[in-house]
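A.B. asks: Output the structure for:
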Amino acid sequence: MAKSHVTIKEVAAAAGVSYQTVSKVINNQIQVSKDTEQRIWEAVNTLGYKPNYVARSLRAQRSFTIGYSWPSSPDNQTNPILDHFLQSMFVAAEAHGYYLLCFPYHENYQRHLDTYNELIDTGRVDGFVLSSIEYNDPRVLLLMDRKIPFVAFGRSNPELSFSWIDVDGGQGIRQEMEHIIAQGHQKIGVLAWPEDSRVGNNRISGYFDVMHERGLEVKPEWIRRGQGCFDYGYQATLEILDLPKEIRPTALIAMNDLMAVGAIQAAKSRGVAVGRDFAVGGFDDYPMTQYIDPPLTTLRQPIIEVGKQIITMLLEVINGENNSEPRTIMLNPELVIRGSTVRN
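C.D. replies: This is a model prediction of the structure:
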């Protein structure tokens, strides 16, 4: 049985190395041979050694904690994308001896920034992960001004230079558009977010690019902008279906799955055969979309890979391993074709 209060020197003696080597291996500060590393971890596990993280933080002048906050979902909605993102970050951070400090997201932005400042000033975190990035994002401006390590899931203004990882929504919508056009559709509408949405503008760019390249007309009545929820998708689709037949779209691209599911239900309420006569495509691949009737064609984000990479990138910044230009990574979503866009 492992005894209590095992010291690092006892681990070192059991592994046949110095206690400094044990400390550096545990804290991912040194590379040793596989045999040496295995002996150290076997000794750690056999003796039941538990590092003193308070002492570790004092010695290193670090908290070994990463801060993260995110906007809450509406009461009647879940966010499986966020679940995957969080879990992948938790696992990646723990593998490097770090943990996430999740803190409230305040709609009052000054109060929200005050929380960032407090965490920085009290040394509670070594850096931050940001998401839901928008133009002129105050969090980005604050952390850049204070020279605090951070990496963002998403881009902001082109002139702001910082490390980020993102999913190319425009490239994804391009894939979906090409598939829908291959099914014979030319009058294609879009359920979009408001014009001040950075993510929304990136995604809808794929729609406009393909329509322009194919020489297809885009009528103003086909572009509907609003909240990315089921109710808006439902109502906007009814309005599109009420357009005169000669200009009525035969397909819709939605900027997220909730709007797409609303569109499917609206079309079915009018007796329109979704898939055969009216195509609907979404974005995000929420788990429930494969079970609706018909199953939704959508775009799957590599969200687990994003979570892993964003932690690796942030630790590089914290450890001073990336002193040149900020590192940026762009990933592509995967088109998942299901019945909502396939003509039988």
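A.B. asks: how about the helices of the stretch 1-150 of the chain, start to end?
C.D. replies: For the stretch 1-150 of the chain, applying DSSP state H, counting those that start in this stretch gives helices covering 8-15, 19-26, 34-47, 53-60, 80-95, 109-121, 138-146.
A.B. asks: same question, the stretch 151-300 of the chain
C.D. replies: Counting by DSSP H, counting those that start in this stretch, the helices of the stretch 151-300 of the chain are 169-182, 198-213, 230-241, 257-269.
A.B. asks: that older thread, closest to P194 out of the helices of the stretch 1-150 of the chain?
C.D. replies: helix 109-121 (17.6 Å; C-beta to C-beta). Placement of C-beta: from N, CA and C, glycine included.
A.B. asks: related to what we said a few turns ago, let me have the helices of the stretch 151-300 of the chain in JSON lines, adding mean pLDDT and mean neighbour count as columns.
C.D. replies: As requested, the helices of the stretch 151-300 of the chain are exported to JSON lines (pLDDT from 0 to 100; neighbours: other C-beta atoms under 10 Å):
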{"stretch": "helix 169-182", "mean pLDDT": "97", "mean neighbour count": "20"}
{"stretch": "helix 198-213", "mean pLDDT": "96", "mean neighbour count": "19"}
{"stretch": "helix 230-241", "mean pLDDT": "97", "mean neighbour count": "20"}
{"stretch": "helix 257-269", "mean pLDDT": "97", "mean neighbour count": "24"}
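A.B. asks: mind giving me CSV with these and columns for distance to I304?
C.D. replies: What follows is the helices of the stretch 151-300 of the chain, written out as CSV (distance: least, C-beta to C-beta, whole Å):
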stretch, distance to I304
helix 169-182, 17
helix 198-213, 19
helix 230-241, 26
helix 257-269, 18
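A.B. asks: Turn the helices of the stretch 1-150 of the chain into TSV, columns for distance to I253.
C.D. replies: Formatted as TSV, those follow (distance: least, C-beta to C-beta, whole Å):
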stretch	distance to I253
helix 8-15	58
helix 19-26	50
helix 34-47	50
helix 53-60	49
helix 80-95	19
helix 109-121	31
helix 138-146	29
